[in-house]
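>>> Got a predicted model here, sequence first, then my questions.
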Amino acid sequence: MRLDGKVALITGAASGMGAAMARLFAREGAKLVVADILEREGREVADGIAAAGGTARFQRLDVTQEADWQAAVEAALAAFGRLDILVNNAGISGSAAEDMFDTELWHRIMAVNATGVFFGVKYAIPAMTRTGGGAIVNMSSISGVVGNKKIHPAYNASKGAVRLLTKSIAVQQAEAGIRINSVHPGLMPPMRTSGATADPVTRARMLKRVPMGRSGEADEVANAVLFLVSDEASYITGAELHVDGGYLAG
């Protein structure tokens, strides 16, 4: 198994791509900390992993709260003795915005999508350093590379911040044995917080720009992340992997 003996913490793991990653990592031998602000759904994911023969525990985590991050990493260490993998997956969409210059929404999106990732890196790195290194994947987006219509600019700005934060930390932490990469999904199934991008007409228009002619699936992103956190990617750090059906190649 590709993650046998590893301990992984995944944020936003109560649904969507995060839940897909948690289930896949567990099947590959990892012990999971399923972290999310959604307690019922998160516990269901953790319980489902345990019922399938894996090892998982739920940890409530609001990624915008630094104290929650400290508690989450401490809980992982207390339960499993180490932390090898972090996936900063939690995020919110900006496509439900009516006012593209809504200041409060700017702060909210940046807090979840960018500052939350910074906190994760801040608290995971010392834990990983204790055991000789680890692997981090930060979930960005194609929106961290190009601009989009009908999306609050904070979404693009936050995902762009994740992209460059990843490269910065990769350079700084390489000698400590910590690899950090970013993954950039394209058009995926709508998020809980999606607005315009969940509209069928809007999605059909967006699909015209995808060379493969379809939206992606959560499991396709999970497989890409699995590769990056596995030892198969041992010489890859500071990279960005586009899982977008060719969108950014067009």
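Structure's in. What do you need?

>>> Any stretches of the protein with poor pLDDT?
Scanning the chain for pLDDT under 70 picks out the ranges 191-198.

>>> what about the helices in it?
Assigned by DSSP state H, the chain shows helices spanning 16-27, 39-51, 66-80, 103-110, 116-130, 153-173, 200-207, 218-229.

>>> Sheet partners, orientation included, of the longest strand seen in the chain?
Counting by DSSP state E, the longest strand found in the chain is strand 178-185. Applying DSSP bridges, strand 178-185 is found paired with strand 134-139 (parallel), strand 240-243 (parallel).

>>> Put together CSV for the helices of the chain, with distance to residue 179 on each row.
For every residue, glycine as well, the C-beta is placed using N, CA and C. Below are these laid out as CSV (distance: least, CB to CB, whole Å):
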stretch, distance to residue 179
helix 16-27, 16
helix 39-51, 25
helix 66-80, 18
helix 103-110, 26
helix 116-130, 10
helix 153-173, 7
helix 200-207, 32
helix 218-229, 8
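
>>> Go through these and pick out the most buried.
helix 16-27 (a mean of 25; mean count of other CB atoms under 10 Å).

>>> quick check: angle from that helix to strand 178-185?
130 degrees (axes from the mean of the first three to the mean of the last three CA atoms, to 10 degrees).

>>> for helix 16-27, packing partners?
The contact analysis (3 or more CB pairs under 8 Å, 6 or more residues apart in numbering; DSSP states H and E) places helix 16-27 against strand 7-11, strand 31-36, helix 39-51, strand 55-60, strand 85-88, helix 218-229.

>>> which residue is nearest the middle of this protein?
residue 89 (1.8 Å; CA atoms, centre = their mean).

>>> residue contacts, that residue?
10, 11, 12, 13, 17, 18, 21, 139 (CB atoms under 8 Å, 6 or more residues apart in numbering).

>>> Then residue 141?
155, 159, 184, 185.

>>> and it, backbone torsions?
Per-residue torsions, residue 141: phi -170, psi 160 (degrees, to the nearest 10).

>>> What is the nearest of the contacts of residue 89 to residue 164?
Closest approach between those and residue 164, by CB to CB: residue 139, at 14.4 Å.

>>> neighbours around the nearest residue to residue 158 once chain neighbours are set aside, how many?
Leaving aside its sequence neighbours, residue 158 sits nearest to residue 113 (CB to CB, 6 or more residues apart in numbering; 3.5 Å). Using other CB atoms under 10 Å, residue 113 has 29 neighbouring residues.
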